[in-house]
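In: coords please:
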Amino acid sequence: MTIRMIRHDDGKTGDIHPDEVENMKKFGWVVDDAAEQDDISLSDTELRDAIEKATGVRPHHKTGRDKLLKAYSELNAQEA
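Out: Next up is the predicted model:
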């Protein structure tokens, strides 16, 4: 089991072992509550593929999941 954490200054996310959570907090990482609400079952690669198909531009490979989800959600809102 891991815990999804995010560093808000650059949007990086990571799956952290529970024993390391307190240590990661010292370096600006926080538990990503949005990950618990992430109802999109696509992988990060699948999100990048969908965004690239819709926009013609592939998101950078280091773009965090939160930013990918935001872009994907915005694209879906535009289509609706």
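In: the chain - how does it break down into domains?
Out: Residue ranges for the domains of the chain, per automatic domain parsing: 1-37, 38-80.
In: now these in JSON lines, with mean neighbour count and mean pLDDT?
Out: Heads up, the C-betas are built off the backbone N, CA and C, glycines and all. Output for the domains of the chain, formatted as JSON lines (neighbours: other C-beta atoms under 10 Å; pLDDT from 0 to 100):
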{"stretch": "domain 1-37", "mean neighbour count": "13", "mean pLDDT": "84"}
{"stretch": "domain 38-80", "mean neighbour count": "13", "mean pLDDT": "85"}
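In: please save the CA atoms from the longest helix seen in the chain in CSV.
Out: Ranked by number of residues, the top helix in the chain under DSSP state H is helix 65-79. Extracted C-alpha coordinates of helix 65-79, given in CSV (Å, rounded to 0.1, in the frame of the first residue of the first chain):
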residue,chain,number,x,y,z
ARG,A,65,-1.2,13.6,-12.5
ASP,A,66,-3.1,16.5,-11.0
LYS,A,67,-2.2,18.7,-13.9
LEU,A,68,-3.1,15.9,-16.4
LEU,A,69,-6.4,15.4,-14.7
LYS,A,70,-7.2,19.1,-14.8
ALA,A,71,-6.4,19.4,-18.5
TYR,A,72,-8.4,16.2,-19.2
SER,A,73,-11.4,17.6,-17.2
GLU,A,74,-11.2,20.9,-19.0
LEU,A,75,-11.2,19.2,-22.4
ASN,A,76,-14.2,17.1,-21.4
ALA,A,77,-16.0,20.3,-20.2
GLN,A,78,-15.4,21.9,-23.6
GLU,A,79,-16.8,19.0,-25.4
